[in-house]
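# Give me a 3D structure for the following:
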Amino acid sequence: MIEPVKVNKQHDLHMRSRKQLELTGVQNVESFDSEEFLLRTELGHLTIRGNHLHIKNLSLENGLLSLEGNVHSLIYLDPGAQSKNKGILGKLFK
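Residues are numbered from 1 along each chain as shown. Okay, the predicted model is just below:
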């Protein structure tokens, strides 16, 4: 019997002074403008919101992305999270 090979997924994020972001494990840039980036990473989708955001460097072959601008939020999107983790109102009104 052949055992499946475990693939270690890597995704790192380094932020400096909320002005510069360096990411690894980027698979694709789904959409972007000066206020929002939607990325597909090794560990799921990531939304980056802010002002004056722009790409400094991009290499999808190496999974690298560098951004500059004013970063306000970083949100990882997990498709199954909404059904598993209801908010406080969802728990109150079952």
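
# any idea how far the one residue sitting closest to the centre of the chain lies from residue 76?
Geometric centre of the chain, nearest residue: residue 46, 2.1 Å, by C-alpha atoms, centre = their mean. Applying C-beta to C-beta, to the nearest Å, the value for residue 46 to residue 76 is 6 Å. Glycine gets a C-beta too; all of them are placed from N, C-alpha and C.

# go on, residue 59?
Taking C-beta to C-beta, one finds residue 59 at 22 Å from residue 76.

# The two - which one has more neighbours?
residue 76 (13 against 10; other C-beta atoms under 10 Å).

# Isn't the more buried one up against residue 48?
No. The pair residue 76 / residue 48 is not scored as a contact, 10.4 Å apart, by C-beta atoms under 8 Å.

# give the contact list for residue 32.
Counting by C-beta atoms under 8 Å, 6 or more residues apart in numbering, residue 32 touches 38, 53, 55.

# Please give me every residue in contact with residue 65.
Contacts of residue 65 (C-beta under 8 Å, 6+ apart): 21, 22, 23, 26, 29, 39, 55, 57, 58, 59.

# hang on, the earlier thing: now the contacts of residue 32: which count as buried?
38, 53 (16 or more other C-beta atoms under 10 Å).

# May I ask which helix or strand of this structure has the lowest mean pLDDT?
Of all helical and strand segments in the chain, the minimum by mean pLDDT, DSSP states H and E falls on helix 81-84, at a mean of 45.

# Can I get the contacts of residue 32 in CSV including pLDDT?
Listed next are these as CSV, based on pLDDT from 0 to 100:
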residue, pLDDT
38, 96
53, 97
55, 96
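
# can you list the contacts of residue 32 in a markdown table and add secondary structure and distance to residue 13?
Output for the contacts of residue 32, formatted as a markdown table (DSSP: H, G, I helix; E, B strand; the rest coil; distance: C-beta to C-beta, whole Å):
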| residue | secondary structure | distance to residue 13 |
| --- | --- | --- |
| 38 | strand | 15 |
| 53 | strand | 15 |
| 55 | strand | 15 |
